[in-house]
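S.K.: here is my input, please return the structure:
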Amino acid sequence: MNTELMAAVEETVGSATFGVWFLIGAALVFFMQCGFALVETGFTRAKNAGNIIMKNLMDFCIGTVVFILIGFGLLLGEDAAGLIGKPGFDIITNYAEFDWSSFVFNLVFCATTATIVSGAMAERTKFISYCVYSGIISALIYPIEAHWIWGGGWLVNWGFHDFAGSCAIHMVGGVSALIGAKILGPRIGKFTTDKNGKVTKVHAIPGHSLTLGALGCFILWFGWYGFNGAAATSVPQLGSIFVTTTIAPAIATVTCMIFTWIKYGKPDVSMCLNASLAGLVGITAGCDALNAVGAIVVGIVSGLLVPFGVWLLDYVLHIDDPVGAVAVHMMNGIWGTIAVGLFADPTVPGYALADQNGNELAGLFYGGGLGLLGRQTTGVLAVALWTAVTITITFLAIKYTIGLRASAEEEIIGLDATEHNLPSSYADFMPSMESITSTDREAAAAGIKAPASPLPTAAPAPAAEKSSSAASESGNAKITKISIICKQNKLEALQKALMEVGVKGITVTQVLGYGTQKGHETYYRGVREDRSTLLPKVKVEAVVSKVPVSDVISAAKNALYTGNIGDGKMFVYDVENVVKVRTGEEGFDALQGEDY
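M.R.: Down below sits the predicted model:
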């Protein structure tokens, strides 16, 4: 085989290989929708889980519809004055010659932009309103600015560089999230205000499952190798992209862990998860142009931007962002894009940064001067301005027509029940009582009477039973009631322990409660948690006469003790009498047998 033929074969095989990898990368980016859904669900309350899943499903599905109709043409259609692509319907009229791979690849990126906004506006946005603004982002806002950067528009021709979307996707989603959360207002109970409306206290509203949030974070990190690497054109370049895409989030997470450990006394789990994503966002623009040192610096700054961004929104701007979307995507989207102008290294594999005349551009710290940095900063400002203006118009139009925010009653009950007729997203499990009831603080903050729960709840138990001397038909045997409040996950162990000492019957009630621990403070995302937050517990009641009370107490203590806060409490009461309904037996005799 001659040299020319060998070269042709290698070129063909290489092109086919990277064409397949391009589509695999698109599939990985699509799988990131799962990651976003899990992060947002885990960082919010169980009563809104179904609503959030539905939103993350529909932003992709609605995005596909509008991308077919107009978005794809605006993004990659024939350039018009460097500002916009000409819309077309080649996918319908000329499918045989249509660029199918490019369509799918750009579609999954478009859907990512829309889903970022969902997290910051979670738990209080009307579903119909979400569908509308998600469609507008996918149809107009994202495709036009992405055309500037990737579709032959003015920014890319000028030398602006955003390889995989720190600016085009993440900053745009983050800016939209910031403005949307501001217009929408905070969740009920997030802030306490005085009579003049000034915020006097910030409250933590913990998400219902950090496990789901962590799983989503790992899925996103996995998908990010496709997000950043899909457009690589050589194996060395792909390898370099994988390295920077690994280093930045790892460094960011370690940085955030150390910072929160020093600042709050313990490493903050949720902010460390945010930091992993922040490092990924930060490296996305320059994943192909930065070396390991640049990726490390990006990671360090990203890890610090997360706690700073969360603090800024809570304590300065008073904007409620349940999942940290603004800190992760907007702040690190800006930082990552500007970092290219500082750390772009012409020696990395596949380096191709150049101006409109073909002159190579490099970062400030690699001998490139201010040329690339100026282009990156200008691009950030232009895209941010476009996004801020268009998304503000969108949100205000929705607010004053169909309405943007759910009612206070709907928010307190939960959007699963009110928007989707879904009593619980966890039907086969014991629902969290917090998800179906409201706290006094929520209702008071809303200025309404707490609404009735959409699900039946156990009737409240009497505060105490009257203590007196026991009497029964079998003599003066003493009858005692032991009431035990403990964690839900200790119920099985407690049941077993009580059976072993001879307790044949118990009554179990799902309850809510809170307690205070002197000198003990807990933090969630940098906010001191209120000890008045109602937590789900179980109340186990047993009435005994023959079984010694001391044996019951000892067995319960052994089963429940961990040495940690929240092990529980026991209350012991005298019981005046017991009546067995079926037989009419009273006192000691009523406690015998298998009925109770």
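
S.K.: residue ranges with poor pLDDT in the chain?
M.R.: 1-14, 428-476, 515-523, 528-534, 593-596 (pLDDT under 70).

S.K.: name the single longest helix found in it.
M.R.: In the chain, with assignment by DSSP state H, the single longest helix is helix 3-42.

S.K.: buried ones in the helix or strand just after that one, by neighbour count?
M.R.: Counting by DSSP states H and E, the next helix or strand C-terminal to helix 3-42 is helix 49-66. Neighbour-count burial for helix 49-66, counted by 16 or more other Cβ atoms under 10 Å, picks out 49-56, 58-60, 62-64, 66. (C-beta placed from N, C-alpha, C; glycine too.)

S.K.: I'd like to know which elements helix 49-66 is packed against.
M.R.: Here helix 49-66 touches helix 3-42, helix 100-120, helix 127-136, helix 415-420, going by 3 or more Cβ pairs under 8 Å, 6 or more residues apart in numbering; DSSP states H and E.

S.K.: that older thread, tell me the one of the buried residues of helix 49-66 nearest Ile84?
M.R.: Using Cβ to Cβ, Val66 comes nearest to Ile84 of those, at 15.7 Å.

S.K.: and the residue lying closest to the closest one once chain neighbours are set aside, how many residues sit next to it?
M.R.: Nearest residue to Val66, sequence neighbours excluded (Cβ to Cβ, 6 or more residues apart in numbering): Ala139, at 3.8 Å. Neighbour count of Ala139, defined by other Cβ atoms under 10 Å: 21.

S.K.: show me what contacts the closest residue in space to Gly19 that isn't next to it in sequence?
M.R.: Nearest residue to Gly19 in three dimensions, chain neighbours excluded: Ser101, at 6.8 Å (Cβ to Cβ, 6+ apart). Neighbouring residues of Ser101 by Cβ atoms under 8 Å, 6 or more residues apart in numbering: 19, 22-23, 26.

S.K.: buried members of those residues into PyMOL, please.
M.R.: To isolate the buried subset of the contacts of Ser101 in PyMOL, counting by 16+ other Cβ under 10 Å, use the following:
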select buried, resi 22+26
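
S.K.: all strands for the chain, in order.
M.R.: Taking DSSP state E, the strands of the chain run over residues 79-80, 84-85, 191-193, 199-202, 480-486, 507-513, 523-524, 527-528, 535-544, 569-574.

S.K.: adjacent strands (with direction) for the third one?
M.R.: Based on DSSP bridges, the pairing partners of strand 191-193 within the sheet are strand 199-202 (antiparallel).

S.K.: now the partner strand, how far from the centre of its chain.
M.R.: Its chain's average C-alpha position is 23 Å from that of strand 199-202, according to Cα atoms, centre = their mean, to the nearest Å.

S.K.: return that strand as PDB; C-alpha atoms alone will do.
M.R.: What follows is strand 199-202, C-alpha atoms only, in PDB (Å, rounded to 0.1, in the frame of the first residue of the first chain):
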ATOM      1  CA  VAL A 199     -34.000  41.400  56.100                       C
ATOM      2  CA  THR A 200     -33.100  40.700  59.700                       C
ATOM      3  CA  LYS A 201     -32.300  37.000  59.600                       C
ATOM      4  CA  VAL A 202     -31.400  34.300  57.100                       C
END
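
S.K.: show me what counts as buried in it.
M.R.: Val202.

S.K.: so what touches that strand?
M.R.: Residues outside strand 199-202 that contact it (Cβ under 8 Å, 6+ apart): 190-194, 314-315, 318, 527.

S.K.: and with 7 Å instead?
M.R.: 191-194, 314-315, 318, 527 (Cβ atoms under 7 Å, 6 or more residues apart in numbering).

S.K.: dump those residues to a markdown table, plus neighbour count and distance to Val348.
M.R.: Formatted as a markdown table, those follow (neighbours: other Cβ atoms under 10 Å; distance: Cβ to Cβ, whole Å):
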| residue | neighbour count | distance to Val348 |
| --- | --- | --- |
| Phe191 | 20 | 46 |
| Thr192 | 15 | 51 |
| Thr193 | 13 | 51 |
| Asp194 | 9 | 55 |
| Asp314 | 22 | 38 |
| Tyr315 | 12 | 40 |
| His318 | 16 | 42 |
| Val527 | 20 | 41 |
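
S.K.: and which of those is nearest to Val108?
M.R.: Nearest member of these to Val108, counting by Cβ to Cβ, is Asp314, at 32.3 Å.

S.K.: setting aside sequence neighbours, what's the nearest residue to that closest one?
M.R.: Excluding the flanking residues, the one nearest Asp314 by Cβ to Cβ, 6+ apart is Val202, at 4.9 Å.

S.K.: now the one you found, which residues is it bridged with?
M.R.: Per DSSP bridges, the residues bridged to Val202 are Phe191.

S.K.: can you tell me how far it sits from Met331?
M.R.: Using Cβ to Cβ, to the nearest Å, one gets 19 Å for the distance from Val202 to Met331.

S.K.: which residues in the stretch 451-596 of the chain form helices?
M.R.: Secondary structure of the stretch 451-596 of the chain, counting by DSSP state H, counting those that start in this stretch: helices at 491-500, 549-560, 587-590.

S.K.: deepest-packed of those, please.
M.R.: When the helices of the stretch 451-596 of the chain are scored by mean count of other Cβ atoms under 10 Å, the highest mean neighbour count falls to helix 587-590 (a mean of 21).

S.K.: how far away from the center of its chain is that helix?
M.R.: How far helix 587-590 lies from its chain's middle: 55 Å, per Cα atoms, centre = their mean.

S.K.: now stretch 227-243
M.R.: That offset, for stretch 227-243, works out to 28 Å (Cα atoms, centre = their mean).

S.K.: go on, stretch 131-142?
M.R.: With Cα atoms, centre = their mean as the basis, stretch 131-142 stands 21 Å off its chain's centre.

S.K.: go on, stretch 17-36?
M.R.: Relative to its chain's centre, stretch 17-36 lies at 21 Å (Cα atoms, centre = their mean).

S.K.: give me the buried positions along it.
M.R.: Within stretch 17-36, the residues scored as buried using 16+ other Cβ under 10 Å are 18, 21-22, 25-26, 28-30, 32-33, 35-36.

S.K.: and if you look at stretch 291-307?
M.R.: Buried residues in stretch 291-307 (16+ other Cβ under 10 Å): 291, 294-307.

S.K.: ok, stretch 390-410 next?
M.R.: Buried residues in stretch 390-410, defined by neighbour count with 16+ other Cβ under 10 Å: 390-392, 394-395, 398, 404-406, 408-410.

S.K.: for stretch 232-239, same thing?
M.R.: Residues of stretch 232-239 classed as buried by neighbour count (16+ other Cβ under 10 Å): 232-233, 237-238.

S.K.: turn the contacts of Ser101 into CSV, including distance to Tyr514.
M.R.: Below are these laid out as CSV (distance: Cβ to Cβ, whole Å):
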residue, distance to Tyr514
Gly19, 58
Phe22, 53
Leu23, 52
Ala26, 48
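
S.K.: do I have it right that Ala384 meets Val175?
M.R.: Yes - under the criterion of Cβ atoms under 7 Å, Ala384 makes contact with Val175 at 5.6 Å.

S.K.: got the contact list for Gly371?
M.R.: Gly371 is in contact with Leu361, counting by Cβ under 7 Å, 6+ apart.

S.K.: same check on Ile251?
M.R.: Taking Cβ under 7 Å, 6+ apart, we find Ile251 in contact with 279, 296, 299-300, 303.

S.K.: what of Asn564?
M.R.: Counting by Cβ under 7 Å, 6+ apart, Asn564 has no contacts.

S.K.: measure Tyr351 to Ile296 for me?
M.R.: Separation of Tyr351 from Ile296 (Cβ to Cβ): 19 Å.

S.K.: one step back: nearest to Gly226, of the helices and strands packed on helix 49-66?
M.R.: Among the helices and strands packed on helix 49-66, if distance is taken as Cβ to Cβ, the winner is helix 3-42, at 2.7 Å.

S.K.: which helices and strands sit right next to the closest one?
M.R.: Where contact means 3 or more Cβ pairs under 7 Å, 6 or more residues apart in numbering; DSSP states H and E, helix 3-42 is packed against helix 49-66, helix 100-120, helix 210-229.

S.K.: Ile91 is nearest to which of the ones you listed?
M.R.: So among these, helix 100-120 is nearest, using Cβ to Cβ, at 6.5 Å.
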